[in-house]
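K.L.:
3D, please:
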Amino acid sequence: MGTTAIVTLVILVLSVLYLVSIYNRLVTLANRYKNGFAQIDVQLKRRYDLIPNLVETAKGYLKHERETLEAVIEARNSASSGLAEIAGDPANGAAMSKLMQAEGMLANALGRLNVVMENYPDLKASNNMMQLSEELTSTENRISFARQAYNDSVMEYNTFRESFPPVFFANMFGHPRNATLLEFEDKEAIVKAPDVRF
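P.N.:
As a prediction, this is how the structure comes out:
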């Protein structure tokens, strides 16, 4: 075998190894952001499960606030269905947008409920309400941390996928689109999460 053949073979082997490394990195980064979304999924479901308990506890005290309570449940159901729609494919931009909009409506509804509850000191002092408040606050914090980890993973994936040379091979390797960040439409909902202390 001549020197040219050896050099060609080495270049070919190195090129294949480089393509394999691009493929493996894309798979690793995609799995990382999908796992990040799975963590958000768990926390959002936890919150959605707590909200009916919150409404049920408040119902006895807020007899004249039925519209507010119904708005919270409706927003919760909308967000829950948005989450179910995107759970299998967090890279689906349209479904992510729908989830973000539903989450914004839920945050607004919970905020209105919190304002209404300020007028009911007996409700705020209820042991059950205090426990629910603590669980919701803890869950909101977990959602924030999970969302930050997910968005960091998405940024890493998108940056690698759009860089040179992976951008030329991403479609061929089964990564046809960027992942979508999880942001809220109402930017104030990010800065000022709903206060669920009662």
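K.L.:
for the protein, what helix or strand is lowest in average pLDDT?
P.N.:
The weakest-scoring helix or strand in the chain, judged by mean pLDDT, DSSP states H and E, is helix 187-191 (a mean of 41).
K.L.:
how about low-confidence regions in this protein?
P.N.:
185-198 (pLDDT under 70).
K.L.:
how far does the lengthiest helix in it sit from the chain's center?
P.N.:
As assigned by DSSP state H, the longest helix anywhere in the chain is helix 3-59. Put simply, helix 3-59 sits 14 Å off its chain's centre (C-alpha atoms, centre = their mean, to the nearest Å).
K.L.:
name the helices or strands packed onto that helix?
P.N.:
helix 66-86, helix 93-117, helix 127-162, helix 166-169 (3 or more C-beta pairs under 8 Å, 6 or more residues apart in numbering; DSSP states H and E). Where you see a C-beta, it was placed from the backbone N, CA and C, and this is true even at glycine.
K.L.:
Tell me which of those helices lies nearest to Lys59.
P.N.:
For Lys59, the closest of the helices and strands packed on helix 3-59 is helix 66-86, at 6.2 Å, according to C-beta to C-beta.
K.L.:
Output the contacting helices and strands for that closest one.
P.N.:
Contact partners of helix 66-86 among helices and strands, from 3+ C-beta pairs under 8 Å, 6+ apart: helix 3-59, helix 93-117.
K.L.:
ok now the helix or strand just after the shortest one, how far from the chain's centre?
P.N.:
Sequence-wise, the next helix or strand beyond helix 93-117 is helix 121-125, with elements assigned using DSSP states H and E. Here helix 121-125 is found 32 Å from its chain centre; the criterion is C-alpha atoms, centre = their mean.
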